[in-house]
Structure formats: C-alpha cells, structure tokens
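**Q** Here is the input, now give the coordinates:
(one chain, ligands or ions: 1)
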Amino acid sequence: MILKKFSTSSCDCSQGCDCATSQDASASCPVCGELGKKVSAHTIKSQLKKETLQYYASHIDNFNFCNNPKCKFVYYDDSKSILITQDEIKSKVTIKNDDPTTPLCYCQKLLKKDFFAMLEAGEQNISAKLQEIIASGKSFCEKSNPKGVCCTEDIKAFVASHGLIWENSSTSNSCC
Ligand SMILES: [Zn+2]
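**A** I've put the predicted structure just below:
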C-alpha cells in the first residue's frame, strides 16, 4: 500500500497565523480503532522524550496522533507497529490527561488549573478571556502542541464539557 504523503495546509483564519490544520491519518489507531491525525516530523521531534526519539529516529515521518480521549496511546506509526504512550512524550495531552497542570494552550502556557481558577473566581465571559490569552503571543503549535495543530478546537470541547458556552470573541484574534 502506498501511504499518503504528509502535508499540512496553512490555517485559514483571518489572522494569518502559521499553524497548520491536520490531515486524517492513513491508518486507524491499532488499539482503539479510531482514525487519528497525521503529525509532522517537527511535532514528533519536539514531543518525544530524548531516549524514545533516538530509538524511533528513522520513523519520525510516519506518526499519527490518536484523537480518542479514552485511548492511552498518543502516537502510532503508519505500520501500526509502534505505539507511544504519554509517559514517552514531554507534554501532557489536553484531551487525554485530567491533571490540572495539563495545558489548554501550549504556546501561551494556559493550564487547565487556570481555567478552574477562573471558574472558582466567578469570572464572567471566560471564553473571551481564554481567547484573549490564546491570541496574546506568538504561536508555534506544530512544535508545542502534541497534536501539532492549534489548540482552539480542544479548548472549545473542554470548556463545553464544563457546561460553558464558547462564544467567538470579536475583540480577540484567536488563532484559527
Ligand atoms: Zn487510540
């Protein structure tokens, strides 16, 4: 089988940020069966812990991100012979980790506990505040986010899972 070559298309948000949108994997996760997303070698190089990266150095072009929150595996390769768990990567994965120190936005270091602090403080319009933070600095999602793409979609889902409605803020220039 000829595997689809990885390529990213630029984000089409009006702000012209350079974060990529992800492409569907050519193979589904061998453990949970869900179709993941292709990640680039840049993402893999930035995310794998040193020893793991050295071990799989010749495979870094062939990894996919498992997008299933319930699956403990983060990456799998196209041939489905390599599985990477969260212990083998540097970042905590937003959709797979309930630890409060797990990032929501990797580039601006916005953590889940920051969101909980806003909730506790009774902040109004949390989604606008989060969008302000996301847009407050440079984004380098392909390297910082284990998924290799902009964090916004996962933050929206996270906020929704806590019963809040995400409203697109007109004042902040949220990436993607
Ligand atoms: Zn999986």
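
**Q** Ala157: what's its closest spatial neighbour, skipping adjacent residues?
**A** Ile95 (7.5 Å; CB to CB, 6 or more residues apart in numbering). (Glycine included, C-beta is placed from N, CA and C.)

**Q** so what's the one you found up against?
**A** Shown in contact with Ile95 (CB atoms under 8 Å, 6 or more residues apart in numbering): 67, 69, 154, 157-158.

**Q** End to end on stretch 105-122, go ahead and measure it.
**A** End-to-end distance of stretch 105-122 (CA to CA, to the nearest Å): 21 Å.

**Q** Check the contact between Tyr106 and Glu142; I expect there is one.
**A** No: Tyr106 lies out of contact with Glu142 (CB atoms under 8 Å); the separation is 10.4 Å.

**Q** Pretty sure Cys151 sits against Ala135.
**A** No: shown here, Cys151 and Ala135 do not form a contact pair, counting by CB under 8 Å, at 11.5 Å.

**Q** neighbour count winner among those two?
**A** Cys151 (27 against 19; other CB atoms under 10 Å).

**Q** Tell me who's in contact with that one.
**A** Applying CB under 8 Å, 6+ apart, the residues near Cys151 are 94, 103-107, 134, 141, 145.

**Q** Which one of those is nearest to the ion?
**A** Each of these was checked against the ion using CB to the ion; the closest is Thr94, at 15.2 Å.

**Q** Mind splitting this structure into its structural domains?
**A** 20-90, 92-176 (automatic domain parsing).

**Q** So which of those is nearest the ion?
**A** Nearest to the ion, of all the domains of the chain, is domain 20-90, at 3.0 Å by CB to the ion.

**Q** Can you give the distance from that closest one to the centre of its chain?
**A** 12 Å (CA atoms, centre = their mean, to the nearest Å).

**Q** Any part of that domain near the ion?
**A** Yes: against the ion, domain 20-90 shows contacts by CB under 5 Å from the ion at 29, 31-32, 66, 68, 71, 73.

**Q** Need those residues in CSV (columns: secondary structure, neighbour count and pLDDT).
**A** Listed next are the residues of domain 20-90 next to the ion as CSV, based on DSSP: H, G, I helix; E, B strand; the rest coil; neighbours: other CB atoms under 10 Å; pLDDT from 0 to 100:
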residue, secondary structure, neighbour count, pLDDT
Cys29, coil, 22, 96
Val31, coil, 14, 96
Cys32, coil, 16, 97
Cys66, coil, 29, 97
Asn68, coil, 18, 96
Cys71, coil, 18, 97
Phe73, strand, 20, 97
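
**Q** Alright, that wraps it up for me.
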